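Novice: I would like to see how this sequence folds:
(2 chains)
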Amino acid sequence: MIQIEAIHIREFRGIRDLKLDLKSKNFAIWGPNGSGKSGVVDAIDFALTGDIARLSGPGLGNVTVAKHAPHVHKRDDPAAAEVALTVRDTKTNKIATLTRKVKPAGSFTLVPDLSSVRAAVERAGRHSELTLSRREIIKFIVAEPTRRSEQVQALLKLDRLSHIRTVLKTTQGKVSAQAKAAESEVGAAKESMERHLDLPDLLNAEVASVVNQRRSLLGLEPVSELSSQTDLAAGVEAGASPSSFNKASAIRDVAALNAWVNARKELPEEGVDLVRALDELEADPTVLTSLRLRNLTEGGLRLATEDICPLCDLPWPSTDALRAHLNEKLERSQAAAELQRRIAASAASVSREILTVRDLIRSVAPHTPAGAAELPQLLHAWSEDLGRFSGQLIKPEDALAQRDRLMTDWLAVSQSVKDGLAGLLSALEAVPDQSAAVAASSFLIRAQERWARLRLARAAQMKAASASSAANSIYTTYCEVADAALVELYETVEQDFSDFYRLINSDDEADFKAAFQPSSGKLDLQVAFYGQGMFPPAAYHSEGHQDGMGVCLYLALVKQLLGTDFRFAVLDDVVMSVDSNHRRQFCTLLHTRFPDVQFIITTHDETWAAQMRSTGLVTSKNQARFRGWNVNDGPLYETDFDFWSRIEADLEAGEVPTAAHRLRRNLESIMRELTMGLNGQVQYRGDNKYDLGIFLSAVKKRHAELLKKAKSAATSWGDAAAVSRIVELDAQRVVAVAEHEGENWAVNAVVHYNEGLTLSKGDFLPVLEAAKAYVNLFSCQNSLCESFISVVQVNGHDEALQCDCWAYQLKLRVKK
Amino acid sequence: MPTIDERIMEKFYEQLSSAPGVPRDLAEALAARLEMATPAKADDLAQLIISHSGDALA
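Specialist: Residues are numbered from 1 along each chain as shown, chains lettered A, B, ... in the order given. As a prediction, this is how the structure comes out:
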């Protein structure tokens, strides 16, 4: 995977020329709406994928990357629009710069063209989910189960698994159908053999007996057992009459067909079931419409990713409303699908009956006298008609058209055929009896023909059964493996999701848990709601909580998708509805649970930007503030937020009032953060106007309390080293507070214009140093952390005072 | 690092080699077909399974 070292964007979206130095570390971009922040997100998305997700959403049919990605002044010169990302391959630590121009957008250059970096870039390009907006995360939470399943599977790249499951299931059905057809052929061949031998069943001894009677008569060796090698007519060819016409057998064949035709005029029971099902189909025309549209609706549901119907192009209020409508149609067609299943099952039984008739016709055909052309043609035409009829029972709408035939004369045997069969039977009976030798030899020849057919049918049936068993085993094994893996996967996602969400909401939802329920293409998600039970996430939780869930689920899913290769993500204003306190916890989540991931985060909220700094998620050097935007210049932005250096620069320039304003503004922001992090108490104000003095007072009081509490705790645990360190920290606190209180008057004096007061750089430097020393009391000195210390609470009780890297950690819980 | 679907498919092929009624050559041929870039169709797989099912003595 890659991490981003630097970005250079030229003439792209709302940006004319912008450079950011990210150094493969977390980076925050903050500023008001419309200041060009998302242009950076689009640029990263474009550089990696050649596309811009935001330009392919609902209602953007006419917006394209080629036409609308270049800056509006360069809309006729797309080659001028380009994004260059200097990236680091996290495996090899090698660095290269990829550049992608809007024209051509399909390829990029890499300098130097290192294979490992190229592979990492291409891998990142296959993971468009690494660039994420609020619109995308919330869809996992508020989606209905079928859609959620699709989205989660798409994010986890599991589409292939669904496809393979479907293909293996269809394969199983096709192989099973072939096995059934092979079984039917065995039945028909066996019946044909039994009829010829005039035996009720093909028991080995009885078959040998009737065959050996004829062989004996012809002076041939008896057959001792029936096997695949047995030739019932062995030696007959050498005889005088190799004809296979056997009068008795022919009469039995014709009589069987004749009897069948006359005895089975009525529909078999399965046929009656078929007619009943077809009557239901006919009684409700919407059922047939549902069936016809079912496949179309299923296809539409797969394609419904926007608020425009993919089937009719009509607009819908939202994608979810469209999908709900299509799902309702599918639900309605469930009954139709059940009816379709009944029709298919009973039609298959009728078709088996038809197969039997056609096999009888096949047996009779050779017995028609030579020169009598009419009957063979009639029999052939009848057999073909039955074949077509059977074929038309497969689809419900075709079967419906056959209802009248099923009810009246389903066999559709013509009088000519009946007469022909009767005539043939009489003619055969009138044929002079064959000599014993001729009868015996023709009997054996015909027996061998039918025995060969039966053997082949049995071999084909065994092969088909073996194939069917293999297809079943393949499908079952696949389902077992995939289901077990997916259950395990979803359990892990469920645990991570719950864990992440609890971390963000430890104050009021410490017992939060989630439950995924995957079932037949759906993924149901239920979440706990304040001990009241499990509910869909959108049922009772606020929008802010849903945002939190969305981003937690996203992180849990991507963790599974990429594992240790999850090293980079762009989060575009993803927690805009989450309140300030929980956003702070979100920073802690990213910082502590994903320490190896580079997050590039945009926000319009200055408070959250400050929290990212105070929690150590980003350093003061790794952020950019977008102050505004205009069409000619693009974003007006600044980087490097070491405000101490800026104040010093103000003083160097002789701008003491500017330095004082900047110091006061930043101190107010820091003290607000510290009040929140240390759980300091401020007096409630109805006008909500809290200033530096209020926060400073709360922080001073709380800090002293916490050190006192930490000393008591260290003493109770017998930790002399900790006691000694706390004493030292408290001494530093006392000195810093005294110095800060001694100097702080000057800030207010300058800020609140005092006519008689003029301060020089030299006068203000001690003020600055005192403020810096005081703030340093709360800052982790580890340059990789730089976070402010904060109180960790467990079940509402103070547990520890610590920074994010734990280099600063004081126990607050007293030993009992 | 293999993706989730790759891990699942690998496990499937491993289990398939000892699945009842599935000859080794069929398991190998099926794995080779499913790993091809062109998605497999049911007709192709049905043919593949039948062709690898042992011929019974006629």
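Novice: surely A:Phe12 meets A:Asp42?
Specialist: Yes - the criterion here is C-beta atoms under 8 Å, and A:Phe12 meets it with A:Asp42 at 7.5 Å. C-beta: built from backbone N, CA, C; applies to glycine.
Novice: Spit out the residues that contact these two alike.
Specialist: A:Ala69 (C-beta atoms under 8 Å, 6 or more residues apart in numbering or on different chains).
Novice: and A:Trp717, what does it touch?
Specialist: By C-beta under 8 Å, 6+ apart, the contact set of A:Trp717 is A:Lys811, A:Lys815.
Novice: try 10 Å
Specialist: When contacts are counted by C-beta atoms under 10 Å, 6 or more residues apart in numbering or on different chains, A:Trp717 touches A:Val723, A:Lys811, A:Arg813, A:Val814, A:Lys815.
Novice: can you dump the C-alpha coordinates of the host helix or strand of A:Gly387 into CSV?
Specialist: A:Gly387 belongs to helix A:374-391 when assigned by DSSP states H and E. Written as CSV, here are the backbone C-alpha positions of helix A:374-391 (Å, rounded to 0.1, in the frame of the first residue of the first chain):
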residue,chain,number,x,y,z
GLU,A,374,-48.2,-43.8,-43.9
LEU,A,375,-48.1,-45.3,-40.4
PRO,A,376,-44.3,-44.7,-39.8
GLN,A,377,-44.9,-41.1,-40.9
LEU,A,378,-47.9,-40.7,-38.6
LEU,A,379,-46.0,-42.2,-35.7
HIS,A,380,-43.0,-39.9,-36.4
ALA,A,381,-45.3,-36.9,-36.6
TRP,A,382,-47.1,-37.9,-33.3
SER,A,383,-43.8,-38.4,-31.5
GLU,A,384,-42.5,-35.0,-32.7
ASP,A,385,-45.8,-33.3,-31.6
LEU,A,386,-45.5,-34.9,-28.1
GLY,A,387,-41.9,-33.7,-27.9
ARG,A,388,-43.0,-30.1,-28.7
PHE,A,389,-45.9,-30.4,-26.3
SER,A,390,-43.6,-31.5,-23.5
GLY,A,391,-41.2,-28.6,-24.3
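Novice: what does it contact?
Specialist: Residues outside helix A:374-391 that contact it (C-beta under 10 Å, 6+ apart): A:257, A:261, A:347-348, A:350-355, A:357-362, A:364-369, A:398, A:402, A:405-406, A:410-414, A:416-421, A:423-424, A:427.
Novice: of the residues you listed, buried ones?
Specialist: Neighbour counting by 16 or more other C-beta atoms under 10 Å in any protein chain shown classes A:257, A:261, A:347-348, A:350-355, A:357-362, A:364, A:367-368, A:402, A:406, A:410-411, A:413, A:417, A:420-421, A:424 among the contacts of helix A:374-391 as buried.
Novice: Next step: the residues you listed restricted to helices.
Specialist: Judged by DSSP state H, the buried ones among the contacts of helix A:374-391 include A:257, A:261, A:347-348, A:350-355, A:357-362, A:364, A:406, A:417, A:420-421, A:424 as members of helices.
Novice: contacting residues around stretch A:436-445?
Specialist: A:196-198, A:210-211, A:213-220, A:223, A:231-250, A:433-435, A:451.
Novice: Narrow these to those in helices?
Specialist: Among the contacts of stretch A:436-445, the members found in helices (DSSP H) are A:196-197, A:210-211, A:213-217, A:247-250, A:451.
Novice: Now do the buried residues in the one helix or strand A:Met612 maps to.
Specialist: Taking DSSP H and E as the criterion, A:Met612 maps to helix A:606-614. Buried residues in helix A:606-614, counted by 16+ other C-beta under 10 Å: A:Thr607, A:Trp608, A:Ala609, A:Ala610, A:Gln611, A:Met612, A:Arg613, A:Ser614.
Novice: for the helix or strand where A:Glu728 lies, packing partners?
Specialist: Under the criterion of DSSP H and E, A:Glu728 resides in helix A:720-743. On a contact count with 3 or more C-beta pairs under 10 Å, 6 or more residues apart in numbering or on different chains; DSSP states H and E, helix A:720-743 meets helix A:692-716, helix A:761-776, strand A:809-811.
Novice: let's see 6 Å
Specialist: For helix A:720-743, the packing partners by 3 or more C-beta pairs under 6 Å, 6 or more residues apart in numbering or on different chains; DSSP states H and E come out as helix A:692-716, helix A:761-776.
Novice: Keeping just the C-alphas, turn the shortest one into PDB.
Specialist: Output for helix A:761-776, consisting of C-alpha atoms alone and laid out as PDB, is shown next (Å, rounded to 0.1, in the frame of the first residue of the first chain):
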ATOM      1  CA  LYS A 761       8.500  43.300  21.700                       C
ATOM      2  CA  GLY A 762      10.700  43.100  24.800                       C
ATOM      3  CA  ASP A 763       7.700  43.800  27.100                       C
ATOM      4  CA  PHE A 764       5.600  41.100  25.400                       C
ATOM      5  CA  LEU A 765       8.200  38.300  25.200                       C
ATOM      6  CA  PRO A 766       7.900  37.300  29.000                       C
ATOM      7  CA  VAL A 767       4.100  37.200  28.500                       C
ATOM      8  CA  LEU A 768       4.600  34.800  25.600                       C
ATOM      9  CA  GLU A 769       7.100  32.600  27.500                       C
ATOM     10  CA  ALA A 770       4.800  32.400  30.500                       C
ATOM     11  CA  ALA A 771       1.900  31.300  28.400                       C
ATOM     12  CA  LYS A 772       4.000  28.800  26.600                       C
ATOM     13  CA  ALA A 773       5.400  27.400  29.900                       C
ATOM     14  CA  TYR A 774       1.800  27.000  31.200                       C
ATOM     15  CA  VAL A 775       0.500  25.200  28.100                       C
ATOM     16  CA  ASN A 776       3.600  23.000  28.200                       C
END
